[in-house]
Structure formats: structure tokens, C-alpha cells
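In: pasted the sequence and its predicted model underneath.
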Amino acid sequence: MTGADGAGIRDWPAEVWARTEAALLLADGDTGAPLAGRPVLGEIFDDTDRTELRSLRTEGGPALRTLPE
């Protein structure tokens, strides 16, 4: 992100997802709690799976709050 203007902030997620090589699924969902120290529930390396994850998280798809044990 090159600036703190609204357009730069809106463009930032697309820039980040384009460079993403892996994604981690962390415990505790979107609680707003710090990410450091959360258990890792899964790792996503596959391009197709990361594209689906991006769609779910940035284009209005359902957010996973908890996973079954």
C-alpha cells in the first residue's frame, strides 16, 4: 500500500492476495484478539483453495467462526 487514502486502502487486499503463497487458518475466528499465539488449525498452499478462501473472506462469503472438533 503506497498511501493511507481510501483508494489505497481498498486496493491493499487485492495486492496482498495476489502475492500470497500460503494462508493459515487460526483458532478463535474473527474475535479481534491478537493473532500471535493462536493455534494453527490448518495451512492452505493450493492456488485453487486460496482463491476460494479469498472469495469467502473478501467478497461477502460466510466467515468460519468455529470448526467442528
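Out: Perfect, thanks for sending it.

In: low-confidence ranges, this structure, go.
Out: Low-confidence regions of the chain, defined here as pLDDT under 70, cover residues 1-10, 57-69.

In: ok, which stretches of it are helices?
Out: Read by DSSP state H, the chain holds these helices, from start to end of the chain: 6-19, 47-58.

In: contacts for stretch 33-45, please.
Out: Glu21, Ala22, Ala23, Leu24, Leu25, Leu26, Ala27, Asp28, Arg50, Leu53, Leu67 (Cβ atoms under 8 Å, 6 or more residues apart in numbering). C-betas here are computed from N, CA, C, even on glycine.

In: that older thread, now distance to Leu35 and mean neighbour count too, for the helices of the chain, in CSV please.
Out: Converted to CSV, those look like this (distance: least, Cβ to Cβ, whole Å; neighbours: other Cβ atoms under 10 Å):
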stretch, distance to Leu35, mean neighbour count
helix 6-19, 15, 11
helix 47-58, 14, 13
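
In: would you list the ones you listed in a markdown table and tack on distance to Ala33?
Out: What follows is these, written out as a markdown table (distance: least, Cβ to Cβ, whole Å):
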| stretch | distance to Ala33 |
| --- | --- |
| helix 6-19 | 21 |
| helix 47-58 | 17 |
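
In: out of those helices, which comes closest to Gly32?
Out: Distances from Gly32 to each of the helices of the chain were compared by Cβ to Cβ, and the smallest falls on helix 47-58, at 15.2 Å.

In: so what secondary structure elements neighbour that closest one?
Out: Helix 47-58 sits against helix 6-19, with contacts defined as 3 or more Cβ pairs under 8 Å, 6 or more residues apart in numbering; DSSP states H and E.
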